[in-house]
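Asker: here's a sequence, model it:
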Amino acid sequence: MEANSIVFSVWFLIGAALVFWMQAGFAMVEAGFTRIKNTGNIIMKNLMDFCIGTVVFIIIGFGLLLGEDLFGFIGKPGLDIFTAYENFDWSNFVFNLVFCATTATIVSGAMAERTKFLSYCIYSAVISALIYPIEAHWIWGGGWLAQLGFHDFAGSCAIHMVGGISALIGAKILGPRIGKFKKDDKGKVVKVNAFPGHSVALGALGVFILWLGWYGFNGAAAQTVEELGSIFLTTTVAPAIATVVCMVFTWVKYGKPDVSMCLNASLAGLVAITAGCDVTDCLGATVIGAVSGVLVVFGVWLLDHVLHIDDPVGAVAVHCLNGIWGTLAVGLFATDAAPAFARQLESGAIQYTGLFYGGGLAQLGLQALGFVSVAAWTAVTITVTFLVIKAIIGLRVSREEEIGGLDITEHGLPSAYAGFALLPETIDDGESVAVAGEVPVAEAVEVRSMPAYESPVRTDGVKLTKIEIICKEARLESLKNAMMNIGITGMTVSHVLGCGMQKGATEYYRGVQIEPSLLPKVQVDIVVSKVPVRTVIETAKHVLYTGHIGDGKIFVYDVENVIKVRTGQEGYDALQDVE
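Answerer: Presented below is the predicted three-dimensional model:
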């Protein structure tokens, strides 16, 4: 074996390892873009995608994909991995396994936060065992599309579009998360609610992991240094351009650049360039990326506001729409200037240059035929799969389980962030959230009328006043020091949540207006008798004022009496420091 062949054989396996590492990226993106109560469930699903996928790929998936071609439709199933191990193609098995697992993982994000774990395991196995291997055989296993010259170098169609279509159909059959869409009395959607992900940082980490892994995803099958360099270039340019275009677009449309949408745009550019990364040049990659940057925003809007399908992570916009776009883009931008084009032409893996490079409509027609065929196969088989699972064991968890979170209800995990104090979640879907329990409201929320406090008649003539200050936590230290400087020696500080009448400025998450949320504040309670009330108020206003919404509020109350427990002193005397 030549040295060059050895090097690229090793690189082939390194590329497979990079694609496997993408599972971590998918897990981080999905976890970061969803709510904290489902993090453990999402990690478990992404883990089992690969592990269950490995089992079924050994049994049947690999044979259907790369077995002896039968009628151009499927590969011949076999167990050579057990019966003829000494002659088995180990590298090809591992490489195709990691790609197979990616297809199933895509579906997870769109159906997150309300899917039964058992149901998820079943349809993930079906995708890895049957749906993906058969259509991938058409493209990469010597099947009928490969024989025609359909080109999908690394999987815009075979992997991403298939995963995206499965995600779209699954999310539609499953239904939206509780509270995502508000309906009127006639059942018409009148409002879309935003559910911000709990950690943009995790999401960003996932995107960077995926981008790194994509160099193996697209580049592992390169056979020369020139091919590899060109593939790395297009795999870098397309997502970068997509992200910049998305940033500008969301900045203009929503007033601010949307962070999570830009992260989606990076992935959209990667998905779109995947099919033609080996046969496009820098100009082609630039245009493909630019379209992706807009298409991903359109896709998220389309699902939310037109189709009313709940996709928490944007899987459909990223993988389905951009998988289709990337597949068709080969017929527009394929060029013989790309180092791999001549080899692909000779092998029959592509037939013509793209429309914009003088090849006419021929290759575009082949790409459209492949897209339609694979899309139809996927739509039919995954729909049947979901409907059978729904009929037998159900797809969706109960209302109580969804509200409580899948970590605790599906896995017995109180929290994926043990030791951290988590804010309670509120859901407004027009229905009562408290669905469990049979205790009447009067007993569950008891109201008692307490006898009035009989305070002693004041004879000292001193007025007692309570001043309650609500402010930002960042100003607490300055407020405390200012109070001490004017003679206030005692105060009580509590952490509270709240919002004022303004309810904050209008903000958007993935194009959907965010409902006002309760913000963390501190409440400082001071009872004064000696220090003038006006002095306390003016001092607090001076310290807290910034001129922005949310500086705080000050409430003033009359106090009937104060009793010092240790000494029994009351009124003015109870407030004095005598130690």
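Asker: in the stretch 251-400 of the chain, which spans are helices?
Answerer: Applying DSSP state H, counting those that start in this stretch to the stretch 251-400 of the chain gives helices spanning 259-274, 282-301, 315, 322-333, 341-347, 362-392, 399-404.
Asker: among those helices, which is the most enclosed?
Answerer: Sort the helices of the stretch 251-400 of the chain by mean neighbour count, taking mean count of other CB atoms under 10 Å, and helix 315 sits at the top with a mean of 33. In short, each C-beta sits where N, CA and C put it, glycine included.
Asker: gap between that helix and the chain center?
Answerer: Relative to the centre of its chain, helix 315 is centred 8 Å away, using CA atoms, centre = their mean, to the nearest Å.
Asker: what's next to stretch 224-234, contact-wise?
Answerer: By CB atoms under 8 Å, 6 or more residues apart in numbering, the residues outside stretch 224-234 that reach it are 4, 8, 11, 215, 218-219, 222, 273, 276-278, 280-282, 284-285, 338-340, 343.
Asker: and the next element down the chain from the helix or strand of the chain with the lowest mean pLDDT?
Answerer: Lowest by mean pLDDT, DSSP states H and E among the helices and strands of the chain is helix 441-444, with a mean of 48. Using DSSP states H and E, the next helix or strand after helix 441-444 towards the C-terminus is strand 464-471.
Asker: packing partners of that following strand?
Answerer: When contacts are defined as 3 or more CB pairs under 8 Å, 6 or more residues apart in numbering; DSSP states H and E, strand 464-471 packs onto strand 519-528, helix 533-544, strand 552-559.
Asker: would a markdown table of these with mean neighbour count be doable?
Answerer: Listed next are the helices and strands packed on strand 464-471 as a markdown table, based on neighbours: other CB atoms under 10 Å:
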| stretch | mean neighbour count |
| --- | --- |
| strand 519-528 | 18 |
| helix 533-544 | 16 |
| strand 552-559 | 13 |
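Asker: output the ones you listed in CSV, with distance to Pro133 and mean pLDDT appended to each entry.
Answerer: Supplementary listing: those in CSV, determined by distance: least, CB to CB, whole Å; pLDDT from 0 to 100:
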stretch, distance to Pro133, mean pLDDT
strand 519-528, 50, 88
helix 533-544, 64, 90
strand 552-559, 61, 89
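Asker: how about these in a markdown table, adding distance to Asn87?
Answerer: As requested, these are arranged in a markdown table below (distance: least, CB to CB, whole Å):
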| stretch | distance to Asn87 |
| --- | --- |
| strand 519-528 | 64 |
| helix 533-544 | 78 |
| strand 552-559 | 76 |
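Asker: closest to Lys253 out of the ones you listed?
Answerer: strand 519-528 (25.8 Å; CB to CB).
Asker: in PyMOL, how would I select just the buried ones from the contacts of stretch 224-234?
Answerer: Here is the PyMOL command that picks out the buried ones among these, judged by 16 or more other CB atoms under 10 Å:
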select buried, resi 8+11+215+218+219+222+273+276+277+278+280+281+284+285+338+339+340
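Asker: where does the prediction get shaky in the chain?
Answerer: Scanning the chain with the threshold set as pLDDT under 70 gives 1, 421-461, 500-507, 515-517, 577-579.
Asker: contacts only, for Gly219.
Answerer: Applying CB under 8 Å, 6+ apart, we find Gly219 in contact with 11, 15, 228, 231-232, 235, 277.
Asker: narrow those to those in helices?
Answerer: 11, 15, 228, 231-232, 235 (DSSP state H).
Asker: can you put those in a markdown table and add distance to Val190?
Answerer: Listed next are the ones in helices among the contacts of Gly219 as a markdown table, based on distance: CB to CB, whole Å:
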| residue | distance to Val190 |
| --- | --- |
| Trp11 | 54 |
| Gly15 | 49 |
| Leu228 | 52 |
| Ile231 | 47 |
| Phe232 | 48 |
| Thr235 | 43 |
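Asker: could you identify the most distant pair in those residues?
Answerer: Longest span within these, CB to CB: Trp11 and Thr235, 14.7 Å.
Asker: the helices of the stretch 251-400 of the chain into CSV, with extra columns for distance to Ile537?
Answerer: As requested, these are exported to CSV (distance: least, CB to CB, whole Å):
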stretch, distance to Ile537
helix 259-274, 40
helix 282-301, 48
helix 315, 53
helix 322-333, 58
helix 341-347, 77
helix 362-392, 62
helix 399-404, 43
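Asker: much appreciated, bye for now.
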